[in-house]
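*Asks:* Would you be able to build a 3D model of this:
(chains A and B)
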Amino acid sequence: MDRTSQNQYVEFSIGNENYAILISEIHEIIRMLDITEIPNSQSYVQGVINLRGKIVPVISLRSMFAMENGSYTKSTRIVVVNHSEESVGIIVDGVNKVTTFSDIQAPPERVGGISGSYFVGIGINNEHLVGILKLDEVLLRE
Amino acid sequence: MLDMTEYQTLYMEELDEQLHLMEEEILRIEQSGESLEGIQRLFRAAHTLKGSSAAMGYDRMKRLTHNMEHILENVRNGEYTLTKELATLFFHCVDRMKQLRTEIANGNIEKSDIDDLLLELRKDSWASSPQNEVFSGLSADIELPDEALHSVIQQMTSGKKAFWVHIYLTDECEMRAARIHVMNHLLEQFAAIVWSDFSRVVEEIQGNGDASARWLIVSDSSEETMAEDILQWVDVERVDIRESNITELKALTISSVNDQEEFSESSISSSASLIQEKSRVQSIRVNVDRLEQLMNLVGELVIDQTRIKQIEKSLDLKFGTDELIQDLGQISDHFTRIIGELQESVMKVRMLPIEQLFNRFPRMIRDLSQSLGKDIELVLEGKETELDRTLIEEIGDPLIHLLRNAVDHGIESPEARRERGKPDKGKVTIRASHEDNQVLIVVGDDGGGIDSQRLLQKALSLKLLSTSEAEQLTEKEAVDLVFHPGLSTASKVSDISGRGVGMDIVRAGIERMNGRIDITTIKGQGTQFNIRLPLTLAIITGLMVKVSESTFIIPMSNVAEIVRLEPEEIRYVRGIPIVTIRDQVIPIVWLQDCFGYSEQHRQNKHIPVVIIGRAEKRYALAVDELLGNQEIVIKGLGGFVGQVEGIAGATILGNGKVALILEIGGIIRMMSRA
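*Replies:* Residues are numbered from 1 along each chain as shown, chains lettered A, B, ... in the order given. Next up, the predicted model:
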């Protein structure tokens, strides 16, 4: 396979784990903003932010993946993705790099306690394994 | 290649417009009788559609309109009468065309079969029997000049009678024009001719077309003797003679005045129609998306403007009387004013007369009253009242529901009405008007009114409330039970309404628009629903309140009153905190409890309280702090977050933070559950 045609991913971390999203699915990556909580909403919806005059909901993968809530740090970022013609922000602990994977394997049934259906696959590069998120599934509204 | 899609859009727009016009016109003719200008408009609509459908290659549409046009032409010529059956058939045609329209819009193919309608349309049974209808047959399209009318009336008072005479020439007749001239002469010998179209007929006769001419004569002979005489003349195939009367003649004279105005289109029949005519000339079509975009941009400006104001204030505090800051202040003030005006202008651009919504109702009421066997008059008032287009879209369904209810439950059967001494014909009114920066829409009927006792019994039997609760209800509260989910007064479930869903949805819908609905009903005399809506959905005045360090916004339209309570004023009834304001006992709710925030700040000396809710059912919302009111731009939370109970949307404040807008209806629901 031609290396340049290989898909590029943005790799980020939540806790000690690494995940990735296809770069073409990402609209922008911003620093942490003030989040306005929405009472009585789904627990994984952290609230809404003002993204240059647009109101954008932000979700926490931590609570979606039933991980402990960590506090926001200097490296916390919001990855804004486009999902069914709407922007949604995903809070991550830090963005690592843009990367490619030499091999992508089908996801196992569970990935460290998280349903495998949330993943397109497990990307392998020379350093470690990265769960590639399937946004359609992650952002699926009940 | 031509860009067909562009034509397609134009065609669809034209189609909508003309179909609408047709429906309106058929209704009008059905209700107030045939008139030449009505038929003319209908004819024109069918003709226009025939042309454009043919150009676009929609064959079925073309054939339908062609056949309608053909019948209408005959109606115009007085050969056919627009009977109720024909009107119904035309309605069917319009319905089928709407169906075709949807099919064209979806797949660019006409799918619905039209052969049944064509068969009906081609039936020759629409020919009129002239004696029955005043405006038909012999006198269908006649415009009688004033002088003619005067002379007839004069002669009739001296004992003579007026007759319509319609003479048909035989097919074999040659030199038809001359023959008709001769007949005019012959008639003159035994009668005074008041009016005739023979000269027009003479001009039009060419070749072997049908030839017939009409006269209005005054004579003292009888119909029979005249007919006998005329049939003796050469080349007469048939003659129709009918006596006329003053009423009919007067009607024809009046209608002729209207006709002339209609055709010249410059004279003024009423100031309202003049305005309409003018606005049509000066308006342009704008894509809705562009308007939406414009409104969004103005919304951003409003937000930025409040931020600039805030920064200016901070700078002023920091640097005091610096000249540059004063300059900034001036500019920002000007900015505020300009944006205010811009906002108003854009809002006005989005306003549409409610007419386009109202126009859907006559047809609906007609169909409904026919299927229910009730005779109902629909009165539409204030068609020109303007409101935001999104509101017009949203209010449609609730209004339709209320109207259906009025026809189905409100108006009694003709027998019951007679017993009550009311006219057989029921009256349903829908009226729109502006009232202090709000839109007021009233849906009323002169039917039986809402039976609050029956509602109560039903609610009791369905265990929607307990006996003790029922006893405490005031009359008004009992009537308000119609809004209770799962309650409908209809004793039998009909197709039209009475499934017990509806009124609660109507109210929820109106409240979602920051509107209010209330009922006045008098047993035996009728019911009236008053709906109050804001002028626009996009920008509202909101009251900013602080609760547990978060700012929330309460739409001003929901706020009944703002008071500060001393802690001693709060009493407890069965553990529920209450306060008495002007003899009304109002339960107090802490907003943070609604949202599950931890308790704090309750030891305030004065507790600011916002009274919300509808007439008898009020709640006092206790908050931590009142932050004043402000124009706010409503933004949705988006599909991902979805509907959140108690939250209507969000806005961006001057400090750049997002604040949530409360949906009071939802808050009340949450409270009544607690």
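*Asks:* how would you label residue A:127: helix, strand or coil?
*Replies:* Counting by DSSP: H, G, I helix; E, B strand; the rest coil, the backbone at residue A:127 sits in coil.
*Asks:* Give me the distance between it and chain B.
*Replies:* For residue A:127, the distance to chain B (C-beta to the nearest C-beta, to the nearest Å) stands at 33 Å. All C-beta atoms are positioned from the backbone trio N, CA, C, and that covers glycine.
*Asks:* Kindly export the one helix or strand residue B:468 maps to (C-alpha atoms) in PDB.
*Replies:* Using DSSP states H and E, residue B:468 maps to helix B:467-472. Extracted in PDB, the C-alpha atoms of helix B:467-472 (Å, rounded to 0.1, in the frame of the first residue of the first chain):
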ATOM      1  CA  THR B 467     -62.700  13.300  45.100                       C
ATOM      2  CA  SER B 468     -61.200  15.800  47.600                       C
ATOM      3  CA  GLU B 469     -59.100  17.400  44.900                       C
ATOM      4  CA  ALA B 470     -62.100  17.600  42.700                       C
ATOM      5  CA  GLU B 471     -64.000  19.400  45.400                       C
ATOM      6  CA  GLN B 472     -61.300  22.000  45.700                       C
END
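*Asks:* so the one residue in the stretch 201-350 of chain B that gets nearest to chain A, which of the three states?
*Replies:* Nearest to chain A in the stretch 201-350 of chain B, going by C-beta to the nearest C-beta, is residue B:300, at a distance of 4.6 Å. Put simply, residue B:300 is helix when judged by three-state DSSP.
*Asks:* Next secondary structure after the helix holding residue B:468?
*Replies:* For helix B:467-472, the following helix or strand on the C-terminal side (DSSP H and E) is helix B:475-479.
*Asks:* still on that earlier bit, run through who's touching the helix holding residue B:468.
*Replies:* Helix B:467-472 has contacts (C-beta atoms under 8 Å, 6 or more residues apart in numbering or on different chains) with B:456, B:459, B:460.
*Asks:* Of these, grab the buried ones for PyMOL.
*Replies:* In PyMOL, a selection of the buried entries from the contacts of helix B:467-472 looks like this (16 or more other C-beta atoms under 10 Å in any protein chain shown):
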select buried, chain B and resi 456+459
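*Asks:* Which of the contacts of helix B:467-472 fall within helices?
*Replies:* B:456, B:459, B:460 (DSSP state H).
*Asks:* Can you tell me which of the residues you listed is nearest residue A:12?
*Replies:* residue B:459 (56.3 Å; C-beta to C-beta).
*Asks:* which residues touch that closest one?
*Replies:* B:465, B:470, B:481, B:484, B:487.
*Asks:* got it, and residue B:244?
*Replies:* Contacts of residue B:244 (C-beta under 8 Å, 6+ apart): B:139, B:162, B:163, B:164, B:216.
*Asks:* now, among those, which is nearest to chain A?
*Replies:* The closest of the contacts of residue B:244, once distances to chain A are taken by C-beta to the nearest C-beta, is residue B:139, at 62.1 Å.
*Asks:* Model confidence score at that closest one, please.
*Replies:* Model confidence at residue B:139, expressed as pLDDT, equals 56.
*Asks:* same deal with residue B:133?
*Replies:* 39.
*Asks:* next one: residue B:159
*Replies:* 73.
*Asks:* what's the answer for residue B:430, then?
*Replies:* 93.
*Asks:* Just give the nearest non-adjacent residue to it, would you?
*Replies:* residue B:443 (5.2 Å; C-beta to C-beta, 6 or more residues apart in numbering or on different chains).
*Asks:* and the one you found, which of the three is it?
*Replies:* Strictly by three-state DSSP, residue B:443 counts as strand.
*Asks:* That one pairs with what?
*Replies:* Residues in a beta bridge with residue B:443, per DSSP bridges, are residue B:430, residue B:529.
*Asks:* Touching, it and residue B:402? I think so.
*Replies:* Yes - Residue B:443 is within contact range of residue B:402, at 4.4 Å (criterion: C-beta atoms under 8 Å).
*Asks:* Identify the contacts common to the two.
*Replies:* With C-beta under 8 Å, 6+ apart as the test, residue B:443 and residue B:402 both reach residue B:529.
*Asks:* quick one on the thing from earlier: narrow the contacts of residue B:459 to those that are buried.
*Replies:* Using 16+ other C-beta under 10 Å as the burial test, the contacts of residue B:459 include B:465, B:470, B:481, B:484, B:487 as buried.
*Asks:* Since that was my last question, I'll sign off now.
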